[in-house]
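**Student:** Build me a model:
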Amino acid sequence: MEERLGIAGSGAIACGLAATAAQHGDVLLWARSDASAERARGAVAKWCSKLSEEPIADRVTVVSDIAELGAATFLVEATAEDYDVKGGVLADLGRVSADDAVLATTTSSLSVAQLAQTSGRPDRFVGLHVFNPVPKMALVELAYAPEAVEPVRERARALCATLGKTAVEVPDIAGFVVNRLLFPYLFSAVELMEQTGLPPESIDTCMRLGAGHPMGPLALLDYVGLDVSKAIGEAIDSPVPRTVQELVAAGHLGKKSGKGLLDYS
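**Tutor:** Sure, this is the predicted structure:
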């Protein structure tokens, strides 16, 4: 891998991206706390063991000081889908990164142009929307800040190719292509459940077996996370169903919390 990847974040997207990249070279991953760092090491090791018989997890170095990501040539912010959270991390990355480094965000719904401005490096900034689970999902939606120069765009394309991903260049609009089309459908499944009283398992079975979907819409919302799904819905102006709002308010966020539209206990 020509780039040395630095990833700011320790959640599912960050760890999946780190494990994917570890097949091709060294990776730096920043976690905010010791607890987050320990969880990240475990998640990366689990993915790496599935991807290779070699000890590639050793190629991922977890750091606690974001300044250490300054050694990377391609820095990717992969934190919560919240403008203030992402903006704060990107501002830090802009300060610690080398002059020739590329900065990227994994946002799935926020404005790449706005986030580029918070980084202070809009000419070297790209949107790199990878999909969860990163090691398995082939698509990357690439969106560019208007100021991004062509060499930076080309490096983003090259990184995607190295990681074995198919990059599709998309406009910088809320939700890009996939989420802009997907979430109205997912929310309509919740509304159907509310209107009919059908069990969520029944709706999911219908869409898996009748439409050939690998995962039903309600299970997919839980997999994404209902809090993330709510944020995406708000970003793309797709009305968030009452049930989703109530579950988020109660802390039932889907698979990651053990309960959402379905029960995982």
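
**Student:** Where do the helices of the stretch 51-200 of the chain begin and end?
**Tutor:** Using DSSP state H, counting those that start in this stretch, the helices of the stretch 51-200 of the chain run over residues 83-96, 112-119, 150-162, 178-196, 200-211.

**Student:** Return the most buried member of these.
**Tutor:** Highest mean neighbour count of the helices of the stretch 51-200 of the chain: helix 112-119, a mean of 22 (counted as mean count of other CB atoms under 10 Å). (Glycine included, C-beta is placed from N, CA and C.)

**Student:** That one vs helix 83-96, what angle?
**Tutor:** Interaxial angle of helix 112-119 relative to helix 83-96 (axes from the mean of the first three to the mean of the last three CA atoms, to 10 degrees): 50 degrees.

**Student:** Who are the packing partners of helix 112-119?
**Tutor:** In terms of contacts (3 or more CB pairs under 8 Å, 6 or more residues apart in numbering; DSSP states H and E), helix 112-119 is packed against helix 83-96, strand 102-105, strand 125-130.

**Student:** Minimum distance to residue 257: which of the ones you listed has it?
**Tutor:** helix 83-96 (18.7 Å; CB to CB).

**Student:** Skip the chain neighbours and tell me the closest residue to residue 146.
**Tutor:** Of all residues not flanking residue 146 in the chain, residue 113 sits nearest, at 6.0 Å (CB to CB, 6 or more residues apart in numbering).

**Student:** ok, back up a step: which stretch among the helices and strands packed on helix 112-119 comes nearest residue 144?
**Tutor:** strand 125-130 (5.5 Å).

**Student:** Okay, now the sheet partners of that closest one, with direction.
**Tutor:** Paired strands of strand 125-130, with direction, are strand 102-105 (parallel), strand 139-144 (antiparallel) (DSSP bridges).

**Student:** who does the lowest-mean-pLDDT helix or strand in the chain touch, helix- and strand-wise?
**Tutor:** Using mean pLDDT, DSSP states H and E, helix 226-235 stands out as the lowest-scoring helix or strand of the chain, at a mean of 94. Judged by 3+ CB pairs under 8 Å, 6+ apart, the packing partners of helix 226-235 are helix 178-196, helix 242-249.

**Student:** Centre of the chain to the longest one, how far?
**Tutor:** A distance of 21 Å separates the centroid of the chain from that of helix 178-196, by CA atoms, centre = their mean, to the nearest Å.

**Student:** got the contact list for it?
**Tutor:** In this structure, residues lying in contact with helix 178-196 by CB atoms under 8 Å, 6 or more residues apart in numbering are 108-109, 129, 131, 139, 141, 173-175, 198-200, 203, 207, 216-218, 220-221, 229, 232-233, 236, 238-244, 261.

**Student:** most neighbours per residue, which of the strands paired with strand 125-130?
**Tutor:** Scoring these by mean count of other CB under 10 Å, the most buried comes out as strand 102-105, with a mean of 28.

**Student:** what residues does that strand touch?
**Tutor:** Here strand 102-105 makes contact (CB under 8 Å, 6+ apart) with 3, 73-77, 86, 90, 93-94, 97, 112, 115-116, 119, 121, 124-128, 152, 155-156.

**Student:** Now residue 48. Nearest residue, chain neighbours left out?
**Tutor:** Once flanking residues are discounted, residue 48 sits nearest to residue 57: 4.0 Å by CB to CB, 6+ apart.
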